[in-house]
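>>> structural data only, the sequence is not supplied:
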Ligand code: NAD
Ligand code: UGA
């Protein structure tokens with residue numbers, strides 16, 4: 001069995017490495033020559049826990065290889081997976097399918113014998129049919145099927161998600177293609193992973209519906225958190241109280257600064273556009289997008305309010321820049337809204353992130369980057385926790401207070417306990433839980 005993986009980004013690299021771990025011969029291809037050069041030298045271009053060992057082992061065993069040569073990888077492959085980017089199209093928010101279409105044309109020219117072309121990229125409904133048209137037009141003689149096999153992995157937990165998924169969705173009406181997909185995913189069949197067989201269109205829609213639903217779930221709990229702040233209540237307790245209802249579920253009920261990342265923001269917008277175009281607008285999704293955008297902007301205002309209404313001339317320490325922990329991905333991270341807004345209001349921002357600073361430096365100007373969490377706090381008027389890296393969960397409070405000018409902590413991820421922070425002498429503000437300030441303790 002031989003697979004070509006087109007695109008060696010977060011999804012292509014992880015999927016390619018995991019398929020090779022299944023014992024399949026995988027050739028990963030990318031147009032980014034610098035990325036391939038790094039991979040050939042044994043360097044992993046992204047931060048994803050466990051990926052380095054997985055790649056090293058499978059390369060050493062001769063099952064996983066990297067190149068820029070699509071033709072060599074595709075000719076002779078039983079299946080070709082498309083895992084290229086589908087970013088938001090500038091201006092209208094529809095998914096930009098130019099990379100997918102280009103890959104389809106190149107695949108068509110290179111494939112030999114019966115080939116299953118599998119879309120792993122997140123693509124709008126109808127894209128599978130379009131890929132089929134492109135391949136048919138380019139190579140009228142080609143023997144192939146197009147399958148939609150969306151990917152549900154999360155960054156930071158990608159290998160576990162791929163190896164032990166909640167389900168695998170396989171969209172095709174071709175029995176021959178389905179048989180081949182079964183062989184590819186055999187190890188997951190053996191561990192009784194639910195496999196959902198659908199049409200190509202249903203599989204394409206399932207991916208967007210899943211992301212939009214999760215984005216809505218987060219947005220719902222964020223709004224409940226806002227209500228808790230107004231009327232008294234603790235969003236942790238409410239989330240637990242509703243999440244234990246099996247129909248609701250406990251996951252994705254952590255209130256925070258708004259969802260970010262490479263997928264929820266672009267996929268919700270793309271789905272909303274598809275639905276508008278189809279004449280069946282998704283008003284819930286449209287609201288989720290609007291509320292989340294506004295929320296991310298509001299976070300800086302929250303910090304400024306906590307600093308007495310102005311951060312002019314003040315120093316703000318920021319812990320965490322990536323959109324979530326355990327990744328170096330900065331795409332649509334809440335920090336991209338928060339930090340520039342604080343700077344625009346006159347603050348000096350000192351920041352530390354265990355993996356994201358190199359990427360952040362390309363996207364935000366004027367941050368004083370620090371070598372450690374504690375270094376950010378030197379002389380700071382306030383400390384803001386933007387991303388919940390484990391390294392920030394057990395700070396030495398005495399050391400923090402000694403370093404800061406004033407012990408004000410704004411915890412946008414609720415990683416500390418309000419009562420404990422108050423006892424430790426902090427003015428502590430978090431999301432959707434009773435806020436603890438030294439003034440309120442004294443009845444102020
Ligand atoms: P990415 O930007 O990290 O990687 C895409 C790669 O494709 C890049 O390295 C790019 O150089 C390469 N590429 C583009 N055109 C090419 C071509 N014609 N031939 C070969 N290589 C080409 O993107 P990603 O985060 O891996 O996402 C890929 C797709 O998977 C997107 O549709 C995304 O929505 C979806 N997805 C992503 C995640 C995630 O966690 N990042 C999870 C599930 C699904
Ligand atoms: C998300 C989905 O979880 C994956 O299933 C999907 O495959 C992927 O998008 C995709 O299509 O690319 P990912 O973006 O890697 O994965 O990360 P998540 O863990 O889903 O977090 C997304 C954002 O939501 C982060 O900013 C995170 O901080 C936020 N979030 C998540 C919350 O604010 N609260 C929560 O309870 C959960």
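Sure thing, it's come through. Keep in mind that this is a model prediction, so the values were computed, not measured. Numbers count the residues shown, from 1 in each chain. Ligands and ions are numbered 1, 2, ... in the order given.

>>> look at residue 228 and give its secondary structure.
helix (DSSP: H, G, I helix; E, B strand; the rest coil).

>>> which residues lie in contact with the closest residue to it other than its chain neighbours in this structure?
In space, and not counting its chain neighbours, residue 228 is closest to residue 432: 4.3 Å by Cβ to Cβ, 6 or more residues apart in numbering. Quick note: C-beta positions are derived from backbone N, CA and C, even for glycine. By Cβ atoms under 8 Å, 6 or more residues apart in numbering, the contact list for residue 432 reads 222, 224, 225, 226, 228, 229, 233, 234, 235, 236, 255, 414.

>>> what about residue 432, which SS state?
Assigned with three-state DSSP, residue 432 falls in the coil class.

>>> where along the stretch 201-350 of the chain do the strands fall?
Per DSSP state E, counting those that start in this stretch, the stretch 201-350 of the chain carries strands over the ranges 315-319, 348-352.

>>> right, I mislabeled it, should have said the stretch 51-200 of the chain
64-67, 79-82, 115-119, 144-148, 168-171, 195-198.

>>> including distance to ligand 1 and mean neighbour count, could the ones you listed go into CSV?
Formatted as CSV, the strands of the stretch 51-200 of the chain follow (distance: least, Cβ to the nearest ligand atom, whole Å; neighbours: other Cβ atoms under 10 Å):
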stretch, distance to ligand 1, mean neighbour count
strand 64-67, 10, 21
strand 79-82, 8, 26
strand 115-119, 9, 27
strand 144-148, 12, 24
strand 168-171, 12, 22
strand 195-198, 16, 15
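
>>> can you add mean pLDDT and give those back as TSV?
Formatted as TSV, the strands of the stretch 51-200 of the chain follow (pLDDT from 0 to 100):
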stretch	mean pLDDT
strand 64-67	98
strand 79-82	98
strand 115-119	98
strand 144-148	98
strand 168-171	98
strand 195-198	98
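
>>> what about those, which gets the closest to residue 35?
When the strands of the stretch 51-200 of the chain are compared by Cβ to Cβ, strand 64-67 sits nearest residue 35, at 8.5 Å.

>>> can you tell me the strand partners of that closest one and which way each runs?
Sheet pairing of strand 64-67 (DSSP bridges) gives strand 25-29 (parallel).

>>> if I pick the most centrally placed residue in the chain, what's in contact with it?
Note on the chain: the residue nearest the mean C-alpha position is residue 261, at 4.1 Å, using Cα atoms, centre = their mean. Applying Cβ under 8 Å, 6+ apart, one finds that residue 261 lies in contact with 155, 323, 324, 329, 331, 332, 333.

>>> run the last query once more with 6 Å
323, 332 (Cβ atoms under 6 Å, 6 or more residues apart in numbering).

>>> same check on residue 221?
Residues in contact with residue 221, defined by Cβ under 6 Å, 6+ apart, are 239, 253, 255.

>>> what's the answer for residue 395, then?
By Cβ under 6 Å, 6+ apart, residue 395 has no neighbours at all.

>>> try 10 Å this time
319, 373, 374, 377, 383, 385, 409, 415, 416, 424 (Cβ atoms under 10 Å, 6 or more residues apart in numbering).

>>> count the neighbours of residue 164 for me.
Residue 164 has 10 neighbours, counted by other Cβ atoms under 10 Å.

>>> any idea how far ligand 1 is from residue 303?
Noted for residue 303: a distance of 28 Å to ligand 1, by Cβ to the nearest ligand atom, to the nearest Å.

>>> do the same with residue 244
Taking Cβ to the nearest ligand atom, one finds residue 244 at 28 Å from ligand 1.

>>> and residue 127, by the same measure?
10 Å.

>>> I'd guessed that residue sits against residue 98; true?
No. When contacts are counted by Cβ atoms under 10 Å, residue 127 is not listed as touching residue 98 (12.0 Å).

>>> overlap in contacts, these two.
residue 86.

>>> who's more crowded, these two?
residue 127 (24 against 13).

>>> contacting residues around the residue in the chain that ligand 1 sits nearest to?
Relative to ligand 1, the nearest point of the chain is residue 9 (1.8 Å; Cβ to the nearest ligand atom). With contacts defined as Cβ under 10 Å, 6+ apart, the neighbours of residue 9 are 30, 32, 35, 45, 46, 83, 84, 85, 121, 262, 329.

>>> per-domain residue ranges of the chain.
The chain breaks down by automatic domain parsing into domains covering 2-197, 199-444.

>>> so how far is the first one off the chain centroid?
Read it as domain 2-197. 18 Å (Cα atoms, centre = their mean, to the nearest Å).

>>> span of stretch 61-70 from start to end?
22 Å (Cα to Cα, to the nearest Å).

>>> and what of stretch 115-130?
End to end - Cα to Cα - stretch 115-130 spans 17 Å.
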